[in-house]
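Visitor: What shape does this take:
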Amino acid sequence: MKQVVLEVEKTEPLADGVFKTVFRGDVSGVKSPGQFVNVKIRDLYLRRPISVCDLGEDALTLVYKVVGKGTEKLSESKCGDAFDMLTGLGNGYDLSRAGDKPLLIGGGVGVPPLYYLAKKLVERGASPFVALGFNRKADAFFVREFEEIGAKVAVATVDGSLGEKGFVTGVLPETYSYFYACGPEPMLKAVFTATKTEGELSFEERMGCGFGACMGCSCKTIAGNKRICKEGPVLKKGEILW
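Guide: Okay, the predicted model is just below:
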């Protein structure tokens, strides 16, 4: 964990209620796709945990949905605004198990951390298949961005307004070497059942401290309770108890 102050380079809307903010500064605390940062929002007590969507030499990108006062204020940030952050939180995904044809499954605001993961997998010579699920076309984002880095993409929307009608589990390929998933818990449960290989699931959870002190985000596993912010947010399929 590393505490830094990053400055906003730009903030822009991506979809209905979804925004992207690019920050500049010391991003060396982030070591792995799937990790998150905890952002201090002015005049609010608790920090806001947000997964890292992309990372550059001195740039960090967050993609998030406005769901309350914290994310609303973040979406209104302008170039030059400074934010105190705790960076490099959580364990992240294990790229060494991906194989040559990994499957990435994202639902809604669970999509962003999969983008940085896909970039790193492509760099390692893998050919990722990305399955994205949204409620409707107006909620969809990053489809083109995944395609531009060389991933094959399939999209499902609940109302059928983009891609296949239904849930993301309906557009999974027949064969893949390993899977990585991130999204709301009902989606993760469905992915757990639908997938044919071992894999990793990243949980979205409300957090107090974000670094393991408060025990407010525990999850049951075969090894006992694990803290989503510390031992997670990524858990192996084989250790999860629903």
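Visitor: Break this protein down into its structural domains.
Guide: If you go by automatic domain parsing, the domain ranges for the chain are 2-89, 95-204.
Visitor: Am I right that residue 238 falls within a strand?
Guide: No. Using DSSP: H, G, I helix; E, B strand; the rest coil, the assignment for residue 238 is helix, not a strand.
Visitor: ok, it - how many residues close by?
Guide: For residue 238, the neighbour count with other CB atoms under 10 Å is 10. For glycine as for every other residue, the C-beta is placed from the backbone atoms N, C-alpha and C.
Visitor: Any idea which of the domains of the chain gets closest to residue 242?
Guide: Nearest of the domains of the chain to residue 242, taken as CB to CB: domain 95-204 at 6.1 Å.
Visitor: what's the lengthiest helix in the chain packed up against?
Guide: The longest helix of the chain (DSSP state H) is helix 112-123. Under the contact definition 3 or more CB pairs under 8 Å, 6 or more residues apart in numbering; DSSP states H and E, helix 112-123 sits against strand 48-55, strand 59-65, strand 102-107, helix 143-148, strand 178-183.
Visitor: element containing the residue sitting furthest away from the middle of the chain, please.
Guide: For the chain, the residue at maximal distance from the C-alpha centroid (CA atoms, centre = their mean) is residue 43, at 25.9 Å. Assigned by DSSP states H and E, residue 43 falls within no helix or strand.
Visitor: Is the nearest residue to residue 23 once chain neighbours are set aside part of a helix or strand, or is it coil?
Guide: Excluding the flanking residues, the one nearest residue 23 by CB to CB, 6 or more residues apart in numbering is residue 6, at 3.8 Å. The assignment at residue 6 comes out as strand when based on three-state DSSP.
Visitor: And the helices in the protein?
Guide: Counting by DSSP H, the helices of the chain are 69-75, 112-123, 143-148, 185-194.
Visitor: Please identify the deepest-packed of the ones you listed.
Guide: helix 112-123 (a mean of 23; mean count of other CB atoms under 10 Å).
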